[in-house]
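K.L.:
sequence first, predicted coordinates after that:
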Amino acid sequence: MGRVTRRAFALAALATFSTASGASAAPSMRHLAGEMRGMWLATVANRDWPSVPGLSAAAQRAELIAHLDAAVRRRLNTVIFQVRPTADALWPSPHEPWSAVLTGTQGKAPGWDPLGTAVREAHARGLELHAWFNPYRIAEHTNLTRLVASHPARKHPDWVVRYGGQLYYNPGLPEVRAFVQDAMLDAVRKYAVDGVHFDDYFYPYPLAGHSFDDDVAYDRHGAGFAGRAAWRRHNIDRLIEETAARIKQVRPGTQFGISPFGVWRNAGTDPLGSDTQALQAYDDLYADTRKWVRKNWVDYICPQLYWHIGHTAADYAVLLPWWARAVRGTATKLYVGEALYRAGDPTQSAAWQDPDELSRHLTLARNHAEARGQVFFAAREVAADPIGAMARVVADHYQQPAMPPR
């Protein structure tokens, strides 16, 4: 189903719902302008889908469609589907092996095309499908020989860094940057995805007692930079800028979005930062997320604001207006990443035991015109909704269907 057809589908659904429910025939201006209502569908370590590796193709397909149907029931309009969780693929790729999350064996074909099916079935339901890629993570272990023999990391071990019990491609190598773009854009070329999506994994999160060994790459490519941190940020900047340009060449109109860690910098470090005391994407992950917004390299930014209202170190009510100011005057849309997975989790704070917490987040967002919607982590909780937090969001804020912004 093409974009114009899906938009007509959504408009018809909105009109039908309004009439059937007795609601006003005229939706709000926010709905007319479009509102992101998304969910992440994570596949790494079989987080959301498939429930276990090794299911039959028919069972995997049925589970995938059940997630899409759950999105429709919750009046969502977008699914962000993780199709390259660990330098592998959920489509027949000439660059990388089939993901082990499907069959339990890396490189083994599952007998069907999950990404192609997801695009087709999402569009049939009036949903947008954004393909979610992790650029640099190779494996959640450090043994190269556990990778399938044809894996690019085994063919190019000089591309690989061992860090914190995992394997990563080295972002400081231009040949790595070119390869990961080629691998990801193969999917964009083959499928009518509505968006390309990165999450918060660029350089890995800092771990006490561990260092990311990129000495050789820095010696080779780091001349002319103020230091290693500036060089690392440059490497990630180039990935973002180049990927944005190549998406436009490969499939014009496809959106490019990123869901970074929710704090760019703290005000104690930089006066432009937020009034927070948290890890900083700029300094710790070498991701200058504010720059990407101000340069209009991304079509949307979806910061992971995974804290409750009133959190001491990173208050949701502080970060939301900060990000609204960050996108103001740019062409970059702001969507808010919401921690549905924390609702009802007994290991979380008291705020997350209240099913109204997430609904209050959306109420705050209504006061900021720049906030154009939400994305919920993640699909498993959208369906299961253990304490009714998602149902409360739908009842309070999603009484009518809405189209995603374009």
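P.N.:
On my side now, so go ahead. Residues are numbered from 1 along each chain as shown.

K.L.:
who touches residue 177 in this structure?
P.N.:
171, 235, 238-239, 242 (Cβ atoms under 8 Å, 6 or more residues apart in numbering). From N, CA and C alone the C-beta is placed, and that goes for glycine too.

K.L.:
for residue 305, see how far away it is.
P.N.:
Distance from residue 177 to residue 305, counting by Cβ to Cβ, to the nearest Å: 29 Å.

K.L.:
can you check residue 165 too?
P.N.:
Using Cβ to Cβ, we find residue 165 at a distance of 28 Å from residue 305.

K.L.:
which one's more surrounded, the two?
P.N.:
residue 305 (26 against 11; other Cβ atoms under 10 Å).

K.L.:
could you report the distance from that one to residue 104?
P.N.:
For residue 305, the distance to residue 104 - Cβ to Cβ - is 35 Å.

K.L.:
cool, and residue 178?
P.N.:
Distance, residue 178 to residue 104, using Cβ to Cβ: 31 Å.

K.L.:
and what of residue 37?
P.N.:
Taking Cβ to Cβ, one finds residue 37 at 34 Å from residue 104.

K.L.:
who's more crowded, those two?
P.N.:
residue 37 (25 against 12).

K.L.:
which SSE is the residue lying closest to that one once chain neighbours are set aside in?
P.N.:
Nearest residue to residue 37, sequence neighbours excluded (Cβ to Cβ, 6 or more residues apart in numbering): residue 76, at 4.4 Å. Using DSSP states H and E, residue 76 sits within no helix or strand.

K.L.:
what's the neighbour count on residue 76?
P.N.:
The burial count for residue 76: 28, using other Cβ under 10 Å.

K.L.:
ok, now the one 5 residues further on?
P.N.:
Close neighbours of residue 81, defined as other Cβ under 10 Å, add up to 28.

K.L.:
equivalent analysis for the one 3 residues further on, please.
P.N.:
Residues lying near residue 84 (other Cβ under 10 Å) number 27.

K.L.:
list the residues that contact it.
P.N.:
Taking Cβ under 8 Å, 6+ apart as the criterion, residue 84 is in contact with 90, 96, 99, 132-134, 183-184, 187.

K.L.:
mind listing the residues bridging to it?
P.N.:
residue 133 (DSSP bridges).

K.L.:
now it: how far from residue 221?
P.N.:
25 Å.

K.L.:
next one: residue 351
P.N.:
Taking Cβ to Cβ, one finds residue 351 at 45 Å from residue 221.

K.L.:
which parts of the chain are strands?
P.N.:
Listed in chain order, the strands of the chain (DSSP state E) span 36-41, 78-84, 128-133, 137-139, 160-163, 166-169, 195-198, 255-258, 300-301, 333-338, 371-377.

K.L.:
and those strands as CSV, adding mean pLDDT and distance to residue 248?
P.N.:
Shown next, in CSV, are the strands of the chain (pLDDT from 0 to 100; distance: least, Cβ to Cβ, whole Å):
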stretch, mean pLDDT, distance to residue 248
strand 36-41, 98, 21
strand 78-84, 98, 20
strand 128-133, 98, 16
strand 137-139, 98, 26
strand 160-163, 98, 30
strand 166-169, 98, 24
strand 195-198, 98, 11
strand 255-258, 98, 9
strand 300-301, 98, 15
strand 333-338, 98, 17
strand 371-377, 98, 21
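
K.L.:
of all those strands, which one is nearest residue 111?
P.N.:
Closest approach to residue 111 among those is made by strand 78-84 (17.0 Å; Cβ to Cβ).
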